[in-house]
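In: Dropping a prediction and its sequence here:
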Amino acid sequence: MTNNSAVEDIQMDEHTKIRAVTPADYRAVLKVMTDAGLDTDGVMVLGTTYWLMERDGQPVGAIGLEHGDGVSLLRGAAVAPSARGQGLGRALVMSAVTHAQLRGDRAIYMFSTGGDWETFGFTQIPLAIVMADIPDAPQVTHYRSHATRPGSTTWMRSLT
């Protein structure tokens, strides 16, 4: 896991903030992602950056990026079921997009089983593009080793 983050802590309101995770946050990130029904294999490994969203000090969201050479792969845009419908997921995604832009990435990819990702500026692309462009990302290596397709749809947002 990469401990430094180009995106500073974001105070959304007096109760809610997004901050870069530390190794001590591992269990909180896993809980948020598990509660949201997301796969947690390879979460917070070397070469990744994660953020935790807290409301009144309690974790309610998490998101990560797996980094490649000039591209990143979004990982686990998760919001606790009790906190959904309040724009928290959008704030998490846009924080990750901003981080990828500040890294100088030319694109950000993601796998999804649902959601309206066009509203975030993503377009659907063939799976082969991601598999070739960021072959060492934890999600890609996991899915290759298990011969399963990651999500039903593959997305890309150009950052250039």
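Out: Nice, I can see it. Numbering: from 1, shown residues only.
In: Thought residue 140 was touching residue 129, still the case?
Out: No: with contact defined as Cβ atoms under 8 Å, residue 129 does not count as touching residue 140 (11.4 Å). Backbone N, C-alpha and C define where each C-beta goes, glycine included.
In: The protein: strands as residue ranges?
Out: Listed in chain order, the strands of the chain (DSSP state E) span 10-11, 16-20, 48-55, 58-67, 71-79, 107-112, 123-124, 153-158.
In: still on that earlier bit, quick one: which of residue 129 and residue 140 has more around it?
Out: Neighbours per residue, other Cβ atoms under 10 Å: of residue 129 and residue 140, the larger number sits with residue 140, 23 against 13.
In: hey, least reliable of the strands of the chain by pLDDT?
Out: For the strands of the chain, mean pLDDT drops lowest on strand 10-11, to a mean of 66.
In: How many residues are close by residue 105?
Out: 22.
In: Let me see the contact set for it.
Out: Residue 105 makes contacts with 70, 71, 72, 159, as judged by Cβ atoms under 8 Å, 6 or more residues apart in numbering.
In: okay, how far is it across stretch 64-71, tip to tip?
Out: Its first and final residues considered, stretch 64-71 spans 13 Å by Cα to Cα, to the nearest Å.
In: make that stretch 101-115, sorry
Out: 22 Å.
In: Same question for stretch 63-73.
Out: End residues of stretch 63-73 are separated by 11 Å (Cα to Cα).
In: of the strands of the chain, which approaches residue 29 most closely?
Out: When the strands of the chain are compared by Cβ to Cβ, strand 58-67 sits nearest residue 29, at 4.6 Å.
In: who does the closest one pair up with?
Out: Sheet pairing of strand 58-67 (DSSP bridges) gives strand 48-55 (antiparallel), strand 71-79 (antiparallel).
In: now the angle between strand 107-112 and that strand, please.
Out: Counting by axes from the mean of the first three to the mean of the last three Cα atoms, to 10 degrees, strand 58-67 lies at 120 degrees to strand 107-112.
In: The chain should start at 294 in everything you say after this.
Out: Sure thing, new numbering starts at 294, so read that last one as strand 351-360.
In: now strand 351-360, how far from the chain's geometric center?
Out: Centroid displacement of strand 351-360 relative to its chain, using Cα atoms, centre = their mean, to the nearest Å, is 6 Å.
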